[in-house]
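# sharing a model prediction with you, sequence too.
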Amino acid sequence: MAGLGGRAVAVRQPLARNPGLNLLVNLTLREVRAQYKRTVLGRIWSLVNPLATLAIYAVVFGFLFRAEPPVGRNSGLHSFVLWMACGLIPWMFLSNAIVQGMGALQANSGLLTKVYFPRHVLVTATVLGLATTFLTELTVLMAVLIFAGDWRVLLYLPVLLVIVLLNVAFALGIALALSIAVAYFTDVQHLWGLVNQVWFYMSGILFPITIIAAGQQAIDRRGWPIPLLAVFEGNPAYQFNEAYRAVLYDAAFPSASTWLSILVWTVGALLVGALIFRRFEARVVEEL
Amino acid sequence: MSGLSAIEVKGVSKTFRIYRDRNRSLKATILSGRRGRYEDFYALRDVTLDIPAGKTFGLLGNNGSGKSTLLKCIAQILKPNSGSITHRGRMAAMLEVGSGFHPELSGRENVYLNGAILGMSKAEVDRKFDSIVDFSGVEQFIDQPVKNYSSGMYVRLGFSVSIHVEPDILLVDEVLAVGDMSFQEKCAAKFAELRRDGRTVVVVSHAIEQMRTFCDEAAWLRHGELMAAGKARDIINDYADQAHNVQQPHQGVHEVAPPKEAPEVPSEDQTRGRFGSGEATIDRIELLNPGGRDVRQVRTGETLTIRMHFTCHQSISDPVFTFSIEHDSGFVVWGHNTLQSDLEPSGVALGPGSIDLVIPSLPLRPGAFTLGAGISADRNARTVDTLPRAVTFAVATGQPLESVGVTVMHSRFENLVSGGR
């Protein structure tokens, strides 16, 4: 009997690490596997959706509005569709990860009230599940880019993966914080829908920042104190967008300021998200 | 009792907020400047409890007594407001089997998923997979999505995963009654195995009779406070008396003499635990020996007639009369009711009445026994009057004379073969 205490310590160490990771893997697999079950096209749906969105924007902005895409620095690409895809696909991941991540606790309330496990795993698994879809989309995009432009985009694959990693962490931080907010106030979810739309147009996905710079000049001439350009440039989604486009569209290294910005935003979001989650996770079960 | 406890609960209180008008919207919260008015409701109040290692421990209490809250606090699902709970060893909770199953995924995928939720590593599930599937009895369907499972299969698979976690401490909430008879027997065997292996099991249940045979020790909670803790038999008896007395005051508007004032049931002891709706009351129980005398001591092998005298105050339909005999140790030796007999009355008329049960040759060995009696209505759907301990009686030595135990079997030895011939 005296050995029981000692055994508990010995047993708990490997258990604490291994099953936690195992749980994360299994829940992520659940998200991925269950997502397109009972559909005829199955996983192809995860590509159909972004493709359709891409096609709509390409027709409206590229063809009807005749938006002028920049020329890729190293790749020499000059295509509005590809330029937009390099921003839109990462944006769709970010937006979906936050929306679904923040609803993860509510979606699994049955589980939360019956079993104990680290609660953050539910949010993390949702974000990671979407990240796998995102990686598939990126792979297809890379193939198209190589075909349409330059193979050298492959050289930047490691850089791309670092950016994806930061992007996932950033999305996770925000999803963690918002998942708590949603548990306490259901209408945060609806409010976020609004924020999300504004954010989309603030991230320069459909038009290059030169348009905003021109807009800023017009504002300045009238003497209005609206720092439109500064807000744009401070926007983390815009900075991630810049990073993705540098690597994918330009086949170039993102600028130092972009790196600094996304790094600071990621660390900040993750820190705040984790702190809020830790502070409130114990009581969240009662609120659901 | 070994001194070591598996779980130590020290001064634990848990409150829930009961909102009178809860603001779940931001607008309302901002306008009123707060998240709604609420009162704190104490689900647990300063509970201190040691659950010894290697025992099966029952938590008893009425609905809303806080027993499930306590179990959830132990399982770390809820966080107490004050106090601490510590436990030694790996813990797994079976608060709802199959929670976390995804209906679209196959049984196989769900076993791995559920195993991970319960804290098993992949290697561990790999190792136990065959045993899990075997125990659940759903081999044929293991690669089908679980949404196609019958509810029984679903629960069996969930239970099987839970029980294969092989924790040092297992927390169980009302899930003992799952599956069909043969699966329940398997479960009982598995719990017995857990106990043999020196694992601690904490059970919350309403099934008192099951708890009686199942638990070594128990605690009884009422309105969030610990009433008593100790040997299961004592605690369960106390709890059963209290619980039934709480139900007792259910009497209609019709004029019925309360059972306690019924003329010929004077003893306080005999009415302990009495409950029922009261359309009819049991007045008196007679144990008639072969000579027709009402006695409290009978002999093994004698013919015994048990006669229940009752008064019917309001007509009842499809009545069922029940007798049971409990051994001094608390073990129910036998029970029988008219529903399973040749005599199935469709009703009883107003006024006094009686019914006999004849035991041709009493198969009990010497010892002390308690007779319970009851009347229920509508084919056992509703209890009219029940006296769980109506009469205590002694069995004295008679014929046949067998060696030990509770019953005699009219057995005989024969055909001794020795020396090879």
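Cool, the structure landed.
# what does the stretch 51-200 of chain B have sitting close to chain A?
Along the stretch 51-200 of chain B, the residues adjacent to chain A under the rule CB under 8 Å from any CB of the partner chain are B:53, B:72, B:75-79, B:88-90, B:93, B:95-96, B:99-100, B:102, B:104-105, B:109, B:112-113, B:115-122, B:145, B:168. Glycine gets a C-beta too; all of them are placed from N, C-alpha and C.
# let's go with 7 Å and repeat that
Contact residues, the stretch 51-200 of chain B versus chain A (CB under 7 Å from any CB of the partner chain): B:53, B:75-79, B:88-90, B:93, B:95-96, B:99-100, B:102, B:104-105, B:109, B:112-113, B:116-122.
# so which of those belong to helices?
B:109, B:112-113, B:116-117, B:122 (DSSP state H).
# now render those as JSON lines, adding distance to A:Gln239.
Output for those, formatted as JSON lines (distance: CB to CB, whole Å):
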{"residue": "B:Glu109", "distance to A:Gln239": "39"}
{"residue": "B:Tyr112", "distance to A:Gln239": "39"}
{"residue": "B:Leu113", "distance to A:Gln239": "37"}
{"residue": "B:Ala116", "distance to A:Gln239": "36"}
{"residue": "B:Ile117", "distance to A:Gln239": "37"}
{"residue": "B:Lys122", "distance to A:Gln239": "38"}
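# nearest to B:Ala219 among those?
B:Ile117 (28.1 Å; CB to CB).
# quick one: pLDDT of that closest one?
On pLDDT, B:Ile117 comes in at 85.
# cool, and B:Ala207?
For B:Ala207, the pLDDT comes out at 70.
# try B:Val265
So B:Val265 comes in at 42 (pLDDT).
# swap in A:Arg7?
At A:Arg7, the model reports a pLDDT of 36.
# with B:Phe159 instead?
For B:Phe159, the pLDDT comes out at 85.
# for the closest residue to it other than its chain neighbours, phi and psi?
Among residues not flanking B:Phe159 along the chain, B:Val97 sits closest, at 4.5 Å (CB to CB, 6 or more residues apart in numbering or on different chains). Backbone torsions of B:Val97, given as degrees, to the nearest 10, read phi -80, psi 140.
# same check, this time on A:Ser79
Dihedral angles (degrees, to the nearest 10) for A:Ser79: phi -140, psi 120.
# contacting residues for it?
A:Ser79 is in contact with A:69, A:148, counting by CB atoms under 7 Å, 6 or more residues apart in numbering or on different chains.
# how close does it get to chain B?
Between A:Ser79 and chain B the computed distance is 39 Å (CB to the nearest CB, to the nearest Å).
# nearest to chain A among the ones in helices among the residues of the stretch 51-200 of chain B next to chain A?
Chain A has its nearest neighbour among these in B:Ala116, at 3.8 Å by CB to the nearest CB.
# so that closest one touches A:Asn26, yeah?
Yes - assessed by CB atoms under 7 Å, B:Ala116 is found in contact with A:Asn26 at 3.8 Å.
# for the residue nearest the centre of chain A, which non-adjacent residue is spatially closest?
Nearest to the geometric centre of chain A sits A:Leu94, at 2.3 Å (CA atoms, centre = their mean). Closest residue to A:Leu94 apart from its sequence neighbours, by CB to CB, 6+ apart: A:Ala171 at 5.4 Å.
# what's the following helix or strand after the strand or helix carrying the one you found?
In the assignment (DSSP states H and E), A:Ala171 maps to helix A:157-184. Next in sequence after helix A:157-184, counting helices and strands by DSSP H and E, comes helix A:188-201.
# and that following helix, what other elements does it pack with?
helix A:80-102, helix A:157-184 (3 or more CB pairs under 7 Å, 6 or more residues apart in numbering or on different chains; DSSP states H and E).
# what about 6 Å?
Counting contacts by 3 or more CB pairs under 6 Å, 6 or more residues apart in numbering or on different chains; DSSP states H and E, helix A:188-201 packs against helix A:157-184.
# and the helix it packs on, what's buried?
By neighbour count with 16 or more other CB atoms under 10 Å in any protein chain shown, helix A:157-184 contains the buried residues A:159-160, A:162-164, A:166-184.
# now that we have the ones in helices among the residues of the stretch 51-200 of chain B next to chain A, which one has the most neighbours?
B:Ala116 (27 neighbours; other CB atoms under 10 Å in any protein chain shown).
# would you map the helices across the chain?
No chain in the question, so chain A it is. Counting by DSSP H, the helices of chain A are A:3-35, A:45-57, A:80-102, A:104-107, A:109-112, A:120-148, A:157-184, A:188-201, A:209-222, A:228-234, A:236-248, A:256-287.
# chain B is the one I meant
Using DSSP H, helices in chain B cover B:26-32, B:67-74, B:107-117, B:122-136, B:151-163, B:181-196, B:208-214, B:232-247.
# how about those helices, which one is nearest B:Asp328?
Of all the helices of chain B, helix B:232-247 sits nearest to B:Asp328, with 10.8 Å by CB to CB.
# for ChimeraX, what selects the buried ones among the residues of the stretch 51-200 of chain B next to chain A?
Filtering those down to the buried ones (16+ other CB under 10 Å) takes a single ChimeraX command:
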select /B:53,75,77,78,88,89,90,93,95,96,99,100,102,104,105,109,112,113,116,117,118,119,120,121,122
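# and B:Leu44, what are its bridge partners?
B:Lys14 (DSSP bridges).
# I figured it hits B:Lys67, correct?
No - with contact defined as CB atoms under 6 Å, B:Leu44 does not count as touching B:Lys67 (9.3 Å).
# work out which residue lies at the spatial centre of chain B.
Centroid check for chain B by CA atoms, centre = their mean gives B:Ala207 as the closest residue, at 1.9 Å.
# what about A:Ala67, neighbour count?
Burial of A:Ala67 is recorded as 18 neighbouring residues (other CB under 10 Å).
# so which bits of the stretch 101-250 of chain A are right by chain B?
Applying CB under 6 Å from any CB of the partner chain, we find that the stretch 101-250 of chain A lies next to chain B at A:110-111, A:114-117, A:185-187.
# could those go into TSV alongside neighbour count, distance to A:Ser75 and pLDDT?
Formatted as TSV, those follow (neighbours: other CB atoms under 10 Å in any protein chain shown; distance: CB to CB, whole Å; pLDDT from 0 to 100):
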residue	neighbour count	distance to A:Ser75	pLDDT
A:Gly110	13	49	80
A:Leu111	18	46	82
A:Lys114	21	52	80
A:Val115	22	50	81
A:Tyr116	21	51	82
A:Phe117	21	46	84
A:Phe185	19	46	85
A:Thr186	13	46	83
A:Asp187	15	45	85
